[in-house]
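Asks: The following block contains a protein sequence and its predicted model.
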Amino acid sequence: MLDIRFVRANPDTVRSDLQKRNDPKKLAWVDEVLSKDARSRELKVQTDELRRRRNVISREINEARKAGKDTTSLLAEAASLPQKIKDNDAEQEEIASTVRAYLMRLPNILDESVPQGKDDNENVELKRVGTPRTFDFELKNHGQLAAENGWADFERATKCSGAGFYFLKGSLALLDLALQRFAIDLLAKKGFTPVIPPFMINRSSYEGVTDLDDFEKVMYKIDGDDAYLIATSEHPIGAMYQDEIFEEKDLPLRLAGISPCFRREIGSHGLDTKGLFRVHQFSKVEQFVFCTPEDSWKIHEELLANAEEIFMALGLPYHVVNICTGDIGTVAAKKYDIEVWMPRENAYKEVVSCSNCTAYQAVRLNIKVRAKDDFESKRYIHTLNSTAIATSRAMRAILENFQEKDGTVVIPPVLRQYMNDRELL
RNA sequence: GCUGAGGUAGUCUAGCGGUAAGGCGCAGGCCUGGAAAGCCUGUGGUGCGAAAGUGCCUCGGGGGUUCAAUUCCCCCCCUCAGCGCCA
């Protein structure tokens, strides 16, 4: 969420950002937030004065009693105060919660380098890496291939868990683990600490890290408990340090989250998305960084480079796109996607999402950093996150790009050490 | 799930109707050739103010009693210990 102090000080920045996003509804909120916030502070001044008076009278009553003086007039004034205070508090509380509700829904301020555009068709390609292979036979779609080879069982998963779930078996179960292990080892060499987080978190922590509108659409709620299945390890890892203050020397903090991810919404189905591409559950290794505001743009590039290194090493052709204003969502100030070449569809498809959330999550989570030489100064930190590998989508890419005519699939050499040195699935 | 003990500022600990005391840590200052030690000041949130300042809030959370609640009453949450169940 945006810091109310930021909105007060920079209303024009907030307005022009919402114009860039073409969001007239939220644009109208800005003035309402500002006027309600002003009224709220005005009320606070009044109420604080009433409280001050009450405190003074209480002390005077105490002293008068000790001195054996009459207190009836003091008691009369004191009796009139609580109701006024209560009324003011009620009004202020109502205003404050409205302001907060708007603030929670106002999006992050976009970086200037974010391209303007209506939707994902207007994302800007930044570069292409690798050359798509040409096939002299007809590719099987990845789900069919996996099922035929006994590497996955979609039908039985549907029977016991519903559509969008899968059993991974044999080679693909091992490939899932190999991909995770490969990504973890690569990130560990770059200073990331592997972290396996809780797979459920409570509502208030969730509100700190995600877009509120995602709640009903995306998250699975555990019935009867204040618990949600995580949609990505980004969420518990972000919430991990809520209400804490970092020392500058402890930043940047680089963590590699390892977890299954659970998502209710999986969107449309088609032959190519059916198997492993759009699913309710998948494994992911995630890069997450807490850093100072000065470092975040440099680290954003670093996270992208790490993710690219993984796909390059796997030998998968990909391109990088700069996500445009119409597609970026509320939390990120800037987002890159890596899309990998899917030869059956003849298209690049999303496999990595790399975001600089600047202070947006930190404000909600109340995470700050204190400089060593300036004890008084506390600033909100910046958070960043990027996929390292989402195994379901990477497996689809491998099943398509490295498929042979006889239905075998070549294991990328970098994964073989994690697959008992096998060359084929 | 049961029983018991707890929840006080970054942390540890006191206070048990009169408006949060102290230790440690941390930051700044004094002292010093430099350091340590010692001493002094500060240490959460929020508002008003150009500033100097100044006010309000904060004792797990929410209600209640009272002129006044960390303290008394009610409800809830969490942590720890023991027991039970258990991969």
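Replies: Cool, the structure landed.
Asks: Look up the closest residue to A:L314, ignoring the ones flanking it.
Replies: For A:L314, ignoring the flanking residues on the chain, the nearest one in space by Cβ to Cβ, 6 or more residues apart in numbering is A:P412 at 4.6 Å. For the C-beta atoms, the positions are set from N, CA and C on the backbone; glycine is no exception.
Asks: Might you report the residue contacts of the one you found?
Replies: Residues in contact with A:P412, defined by Cβ atoms under 8 Å, 6 or more residues apart in numbering, are A:313-316, A:398, A:402.
Asks: What values do phi and psi take at it?
Replies: Main-chain torsions, A:P412, degrees, to the nearest 10: phi -60, psi 130.
Asks: neighbours of the closest residue to A:G162 other than its chain neighbours, just the number please.
Replies: Using Cβ to Cβ, 6+ apart and skipping residues adjacent in sequence, the residue nearest A:G162 is A:H280, 7.6 Å away. When neighbours are counted by other Cβ atoms under 10 Å, A:H280 registers 19.
Asks: give me every residue that touches A:H280.
Replies: A:H280 neighbours (Cβ under 8 Å, 6+ apart): A:161-162, A:164-165, A:262-264, A:266.
Asks: picking up where we left off before, next one: the residue nearest to A:L314 from RNA strand B, what distance?
Replies: 34 Å (Cβ to the nearest atom of the strand, to the nearest Å).
Asks: Before we move on, what's the pLDDT of that residue?
Replies: On pLDDT, A:P412 comes in at 96.
Asks: where's A:H235, which helix or strand?
Replies: helix A:234-240 (DSSP states H and E).
Asks: how about the residues of the stretch 1-150 of chain A that lie near RNA strand B?
Replies: When proximity is defined as Cβ under 7 Å from any atom of the strand, the stretch 1-150 of chain A approaches RNA strand B at A:4-5, A:41, A:44-45, A:47-49, A:51-52, A:54-59, A:61-62, A:65, A:75, A:78-79, A:82.
Asks: go with 6 Å
Replies: A:41, A:44-45, A:48, A:51-52, A:54-55, A:57-59, A:61-62, A:65, A:75, A:78-79, A:82 (Cβ under 6 Å from any atom of the strand).
Asks: Please pick the buried ones from the residues you listed.
Replies: A:54, A:57, A:61, A:78 (16 or more other Cβ atoms under 10 Å).
Asks: Now the two most distant members of these.
Replies: Pairwise distances across those (Cβ to Cβ) peak at 10.5 Å, for the pair A:R54 and A:I61.
Asks: Need the residues touching each of those two.
Replies: Common neighbours of A:R54 and A:I61 (Cβ under 8 Å, 6+ apart) are A:A78.
Asks: So for stretch A:247-266, mean pLDDT?
Replies: Rounded mean pLDDT across stretch A:247-266 is 87.
Asks: Next: stretch A:44-53.
Replies: Stretch A:44-53 comes out at a mean pLDDT of 89.
Asks: which is the next helix or strand following the helix or strand A:Q144 falls within?
Replies: A:Q144 is part of helix A:142-148 when elements are defined by DSSP H and E. Per DSSP H and E, the first helix or strand lying C-terminal to helix A:142-148 is strand A:152-153.
Asks: Name the strands paired with that next one and say parallel or antiparallel.
Replies: strand A:167-168 (antiparallel) (DSSP bridges).
Asks: What are the contacting residues of the helix or strand just after the partner strand?
Replies: Sequence order places helix A:170-189 as the next helix or strand after strand A:167-168, per DSSP H and E. Here helix A:170-189 makes contact (Cβ under 8 Å, 6+ apart) with A:146, A:149-152, A:168, A:194, A:254, A:256, A:258, A:283, A:285, A:287, A:306, A:309-310, A:313, A:388-389, A:391, A:394-395, A:398, A:411, A:414-415, A:418-420, A:425.
Asks: Now for the residue of chain A found nearest RNA strand B: which residues touch it?
Replies: In chain A, the residue that lies nearest RNA strand B is A:S58 (2.8 Å; Cβ to the nearest atom of the strand). With contact set as Cβ under 8 Å, 6+ apart, A:S58 has these partners: A:A78.
Asks: element containing it, please.
Replies: Element membership for A:S58, per DSSP H and E: helix A:24-67.
Asks: Output the below-cut-off pLDDT ranges for chain A.
Replies: A:266-273, A:372-376 (pLDDT under 70).
Asks: per the record, what domains does it have?
Replies: Listed domain ranges for chain A are A:4-105, A:120-416 (source: automatic domain parsing).
Asks: tell me the most buried of the ones you listed?
Replies: Neighbour counts (mean count of other Cβ atoms under 10 Å) averaged over each of the domains of chain A peak at domain A:120-416, with a mean of 18.
Asks: chain center to it: distance?
Replies: 10 Å (Cα atoms, centre = their mean, to the nearest Å).
Asks: what about it, start to end distance?
Replies: 36 Å (Cα to Cα, to the nearest Å).
Asks: Check stretch A:367-377 too.
Replies: 13 Å.
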